[in-house]
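Visitor: Sequence first, predicted coordinates after that:
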Amino acid sequence: MKTIVLTLSFAATLLVPWAASAQEAVKKCMACHTFDKGGAKKIGPNLFGIFGQTSTLPELAGKGVVWDEAALMEYLENPSAFVSAKTAGAAKSKMALLVKDPAERKAAIDYLKTLK
Ligand code: HEC
């Protein structure tokens, strides 16, 4: 029995290292977002294919915000400051998470790029 358990967990670590680290990059986001194609809206919108797209947020409508690397780096660091800057202070973001670590933001963005 012990051998079976060990074999299974060994096989699992061999099979899913990439998937595990990719998910790790957006673990914090999963409380509020889904990432699969056609996934449900949770507290925030589904993020499948968001990289390179125009923002779907009503407060950013018509502001020409396209989610490229630079926009996402800025948004994820401080969503409210980003939305406020784009709307001349008229709106704030409803996304209550600040990702302070640039490497962490980059990892999340790299994962978003793969979703197409
Ligand atoms: C506490 C909940 C919460 C967490 C955690 C969270 N978000 Fe959000 N997110 C939101 C909400 C709510 C919105 C919609 C914001 C609004 O309406 O102002 C949003 C919007 C977004 C948008 C803009 C989508 C669009 O259509 O323009 C992106 C991109 C995004 N989040 C990425 C992320 C990433 C990446 C993470 C993890 C690092 C994350 N979010 C973590 C709640 C969250």
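Guide: That came through fine.
Visitor: switch to C-alpha atoms for all contacts and neighbour counts from now on
Guide: Noted.
Visitor: This structure against the ligand: which residues are in contact?
Guide: Within reach of the ligand by C-alpha under 6 Å from any ligand atom, the chain has these residues: 26, 28-29, 31-32, 43-45, 55-57, 93-97, 108.
Visitor: Can you get me a residue count around Ala91?
Guide: By other C-alpha atoms under 10 Å, the residues close to Ala91 number 16.
Visitor: who's in contact with it?
Guide: For Ala91, the contacting residues are 59, 80, 83-84, by C-alpha atoms under 8 Å, 6 or more residues apart in numbering.
Visitor: rewinding a little: now, the residues of the chain next to the ligand that are in strands?
Guide: Here DSSP state E is the test, and those give no hits in strands at all.
Visitor: ok, of the contacts of Ala91, which one's closest to Ala71?
Guide: Nearest to Ala71 among the contacts of Ala91 is Val83, at 10.8 Å by C-alpha to C-alpha.
Visitor: Show me the contact partners of stretch 104-114.
Guide: 22, 25-26, 47-51, 69, 72-73, 76-77, 99.
Visitor: please redo it, this time with the cut-off set to 7 Å
Guide: 22, 25-26, 50-51, 73, 76, 99 (C-alpha atoms under 7 Å, 6 or more residues apart in numbering).
Visitor: what about dumping the CA coordinates of it to PDB?
Guide: Only the C-alpha atoms of stretch 104-114 are listed here, as PDB (Å, rounded to 0.1, in the frame of the first residue of the first chain):
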ATOM      1  CA  GLU A 104       4.600  38.100  -9.000                       C
ATOM      2  CA  ARG A 105       2.800  40.400 -11.400                       C
ATOM      3  CA  LYS A 106       5.000  39.200 -14.300                       C
ATOM      4  CA  ALA A 107       4.300  35.600 -13.500                       C
ATOM      5  CA  ALA A 108       0.500  36.200 -13.500                       C
ATOM      6  CA  ILE A 109       0.700  38.100 -16.800                       C
ATOM      7  CA  ASP A 110       2.800  35.400 -18.400                       C
ATOM      8  CA  TYR A 111       0.100  32.900 -17.400                       C
ATOM      9  CA  LEU A 112      -2.700  35.200 -18.800                       C
ATOM     10  CA  LYS A 113      -0.700  35.200 -22.100                       C
ATOM     11  CA  THR A 114      -1.100  31.400 -22.400                       C
END
